[in-house]
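# sequence below, structure please.
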Amino acid sequence: MKENVIEISHLTKNYGKNRGIIDVSLEVKQGDIFGFIGPNGAGKSTTIRSMLGFLKPNAGSVSILGMDSVRDHEQILKEVGYMPSEAWFYDSMRVGDVIKYAADVRGIDCSSEAEMLCERLKVDTKKKIKQLSLGNRKKVSIVCAMQHKPKLFVFDEPTGGLDPLMQKKFFELINEYVEQGATCLLSTHVLSEVDKYCKTAAIMREGRLSMLDTPHIDDETFLSFYEDEEE
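The predicted model follows:
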């Protein structure tokens with residue numbers, strides 16, 4: 001039986017009058033590609049940031065790779081490849097320097113893996129960040145998250161701005177790493193990505209989580225979540 005890589009129990013984060021997350025519990029098993037679905041503002045990013053220790057929850061607990069998200073925060077980040085939804089870098093830096101800096105922070109040589117990823121994703125390492133489109137910034141962020149071959153990938157809206165060919169290459173890479181033993185949590189509002197690539201899934205709605213028996217959900221049901229959010 002495969003071990004749980006992520007265990008979230010009754011996680012709650014309040015923002016006063018603004019919506020946070022309420023009593024979120026989920027498990028992600030080793031080797032899974034877990035789809036974390038929901039419209040913008042549903043609580044997906046808050047859950048992820050609380051899970052990784054960037055936000056302090058009001059209640060609940062999180063275990064990542066058998067480690068406590070608060071007590072073992074720094075060690076967890078060494079084992080996780082996290083890609084936030086915003087691809088923010090220093091505009092004056094060159095792409096190659098950004099990628100190397102991300103590896104140096106971890107204290108490891110990722111040059112070989114980074115070179116492979118840049119070639120697969122068509123990343124120009126000589127350009128400055130300020131010269132890049134949103135899609136190309138996203139590709140740099142993907143390389144930074146993947147180059148150290150982590151045990152767990154956490155991607156927050158990773159494919160926004162990527163053209164269809166790069167989206168396909170991105171998921172090819174994910175599948176290759178998962179075949180080597182990695183696990184992936186994919187936060188997205190693109191239903192087709194979950195339907196095609198994810199093994200299990202859950203929907204965030206108004207800060208609460210609903211687990212799905214299958215990642216396959218029809219468009220009408222999924223759109224109802226958006227309509228309810230807008231009312």
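
# only C-alpha atoms from now on, for both contacts and neighbour counts.
Noted.

# which strand or helix spans the residue most central in space within the chain?
Among the residues of the chain, the one closest to the centroid is Phe155, at 1.5 Å (C-alpha atoms, centre = their mean). Assessed by DSSP states H and E, Phe155 sits inside strand 152-156.

# what residues sit buried inside that strand?
Leu152, Phe153, Val154, Phe155, Asp156 (16 or more other C-alpha atoms under 10 Å).

# quick one: least confident of those?
pLDDT across these is at its lowest for Asp156, which sits at 91.

# isn't it right up against Cys184?
No - applying C-alpha atoms under 8 Å, one finds Asp156 not in contact with Cys184, separated by 10.9 Å.

# follow-up on the earlier one: save the buried residues of strand 152-156 as a markdown table, and put in distance to Ser210 too.
Listed next are these as a markdown table, based on distance: C-alpha to C-alpha, whole Å:
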| residue | distance to Ser210 |
| --- | --- |
| Leu152 | 22 |
| Phe153 | 22 |
| Val154 | 19 |
| Phe155 | 19 |
| Asp156 | 18 |
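
# and those, which is closest to Ala145?
Phe153 (7.5 Å; C-alpha to C-alpha).

# related to what we said a few turns ago, distance between whichever helix or strand comes after the strand holding Phe155 and the chain's centre?
As assigned by DSSP H and E, the chain's next helix or strand after strand 152-156 is helix 164-179. From the chain centre to the centre of helix 164-179 is a distance of 14 Å (C-alpha atoms, centre = their mean, to the nearest Å).

# rewinding a little: beta partners of the residue nearest to the centre of the chain?
Met83, Leu186 (DSSP bridges).

# that one: what's it in contact with?
Tyr82, Met83, Pro84, Ser85, Cys184, Leu185, Leu186, Ser187 (C-alpha atoms under 8 Å, 6 or more residues apart in numbering).

# if you set the cut-off to 10 Å instead, what comes out?
Contacts for Phe155 were tallied using C-alpha atoms under 10 Å, 6 or more residues apart in numbering; they are 36, 45, 48, 81-85, 142, 145, 184-188.

# now it: how far from Gly81?
8 Å (C-alpha to C-alpha, to the nearest Å).

# helix or strand: which one has Arg120?
Using DSSP H and E, Arg120 falls in helix 111-121.

# kindly state the pLDDT recorded for the residue lying closest to Asp32 once chain neighbours are set aside?
In space, and not counting its chain neighbours, Asp32 is closest to Thr183: 5.3 Å by C-alpha to C-alpha, 6 or more residues apart in numbering. In the prediction, the pLDDT value recorded for Thr183 is 97.

# how far away is Thr183 from Leu191?
On the measure of C-alpha to C-alpha, Thr183 and Leu191 end up 20 Å apart.

# ok, these two, which is more surrounded?
Shown here are Thr183 and Leu191; by other C-alpha atoms under 10 Å, Thr183 has more neighbours (27 against 18).

# now do the phi/psi pair for the more buried one.
For Thr183, the backbone dihedrals (degrees, to the nearest 10) come out as phi -130, psi 150.

# same question for Ser133.
Dihedral angles (degrees, to the nearest 10) for Ser133: phi -70, psi 170.

# can you pull the contacts of it?
Contact analysis of Ser133 by C-alpha under 10 Å, 6+ apart lists Lys139, Gly161, Leu162.
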